[in-house]
Each structure stands twice: as structure tokens, then as C-alpha cells.
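Q: whatever this is, show me its structure:
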Amino acid sequence: MKLILASASPRRSELLGHLGVPFDVRPSNIDETLVPGEGAHAYVERLARQKAGAAGSDLVLAADTSVVIDDEVLGKPGHDVWLGRQMLRRLSGRPHEVITGIAVSGPRGLVCRVVSSQVVFRALSEAEIAWYVGSGEGADKAGGYALQGKAGAFITSVVGSPSNVIGLPLADTIELLRGAGLVLPMDGP
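A: Numbering: from 1, shown residues only. Predicted structure coming up:
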């Protein structure tokens with residue numbers, strides 16, 4: 001059974017690669033607009049389901065990660081320096097939630113789950129915020145930061161899956177892939 005990762009995220013590819021299972025990357029192009037009144041958990045689950053369904057008839061793994069603070073989903077700041085700084089100011093000194101919807105679609109059907117982790121940032125100075133945003137590292141990341149990069153220096157705690165914060169909760173992914181019938185290298189001969 002061939003596994004397809006329906007994501008262009010290099011972080012998801014790297015995390016999935018740690019499992020030692022061969023896979024092809026086939027990103028899904030779907031509308032990722034938040035529906036008015038849609039909660040963050042419903043949002044990431046909907047996107048993961050749509051990505052998994054849009055990628056074809058093989059065994060497909062899809063995911064979508066969002067950062068949530070004050071019940072608001074923070075998107076990716078892109079190269080908007082002002083927006084990147086605003087996001088980090090909101091996260092500074094406070095806990096926030098990182099949620100990932102993961103979906104697996106294959107011969108046994110489609111299953112989905114939402115995984116949540118809580119991340120706490122220490123208080124950041126304006127100089128630190130400017131330095132980080134100026135690095136460009138967070139431009140294409142939900143919430144404007146990357147745990148596995150320079151922003152790791154800002155994080156005082158993670159409750160839940162660290163790989164979820166990076167973009168693919170591995171323990172849950174393994175469970176869903178096994179449930180779909182995929183034998184992983186760690187499962188033995």
C-alpha cells in the first residue's frame with residue numbers, strides 16, 4: 001500500500017520520514033478560508049478531511065495545524081512584518097493552544113482526529129520580536145513561529161505532543177496509519 005502525504009510542508013515530510021515508511025508528497029489545493037462562526041477544532045478537522053479526500057485513492061495522510069489564542073486562529077504572517085510582530089506580541093508571556101487535524105483516507109475509509117498541545121512563551125522584548133521576525137523563519141508558520149527553530153528559545157513549556165506543535169503529531173499519526181492497515185518498519189517483519 002503506497003502512502004501519500006497530502007502536504008507541501010517540509011516539516012511534515014521530515015517528521016513522517018522519521019517513521020521510516022516510504023511515501024510520496026502530493027499536496028492538496030483546497031480553500032483554507034475559515035468559515036464564519038467555525039471553531040478552531042472544527043476548522044482544522046475540516047481542512048484535514050478535505051485535503052485527504054482531494055489527494056486521490058491511495059492511502060492518504062493529511063494534516064492542518066493552527067495556533068489559537070483568545071479563541072482566535074492565528075494564520076501565517078507571510079512576509080508582513082507588522083503582522084508577524086503583532087502575533088508574537090500576543091503570544092509573549094502567555095499560553096496558547098496549537099491544534100492539528102490529521103486525517104487518513106484509504107480502503108478502510110476516512111478517519112480524523114484533532115490533537116491539541118499547550119505552549120507557553122516567556123515574555124519577549126521588542127528587540128527579540130524584531131530579531132525573530134527579521135529572521136524570516138516564522139513567515140510561513142501558523143502563529144508566526146517555529147518550535148524547532150530559533151523560537152525554541154522563547155518557549156518555556158509544551159504540554160502535549162511537541163511534534164504536534166511542529167505540524168504532525170507522530171503518536172496519533174502512527175495510530176491512524178496502523179488502523180488504516182499500514183505496516184510500519186517499527187512493527188517488525
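
Q: now do the helices in this protein.
A: Assigned by DSSP state H, the chain shows helices spanning 10-17, 40-54, 81-91, 126-135, 162-166, 170-179.

Q: contacting residues for residue 79?
A: 136, 139 (Cβ atoms under 8 Å, 6 or more residues apart in numbering). Where you see a C-beta, it was placed from the backbone N, CA and C, and this is true even at glycine.

Q: ditto for residue 140
A: Going by Cβ under 8 Å, 6+ apart, residue 140 touches 76, 78.

Q: ok, residue 41 next?
A: Counted by Cβ under 8 Å, 6+ apart, residue 41 has contacts 99, 101, 114, 116.

Q: give me the neighbour count for the third one.
A: Under the neighbour criterion other Cβ atoms under 10 Å, residue 114 is assigned a count of 21.

Q: pLDDT below threshold where in the protein?
A: 54-57 (pLDDT under 70).

Q: now do 80
A: 1, 54-57, 189 (pLDDT under 80).

Q: residues contacting the nearest residue to residue 138 once chain neighbours are set aside?
A: Distances taken as Cβ to Cβ, 6 or more residues apart in numbering place residue 144 nearest to residue 138, at 4.1 Å, with adjacent residues excluded. Residue 144 makes contacts with 67, 74, 76, 77, 83, 84, 87, 88, 133, 138, as judged by Cβ under 8 Å, 6+ apart.

Q: how close does residue 144 get to residue 133?
A: 7 Å (Cβ to Cβ, to the nearest Å).

Q: and for those two, which residues touch both?
A: Residues within reach of residue 144 and of residue 133 at once, by Cβ under 8 Å, 6+ apart, are 77, 84, 88.

Q: the second one touches residue 74, doesn't it?
A: Read that as residue 84. No - look at residue 84 against residue 74 with Cβ atoms under 8 Å: they stay out of range, at 10.4 Å.
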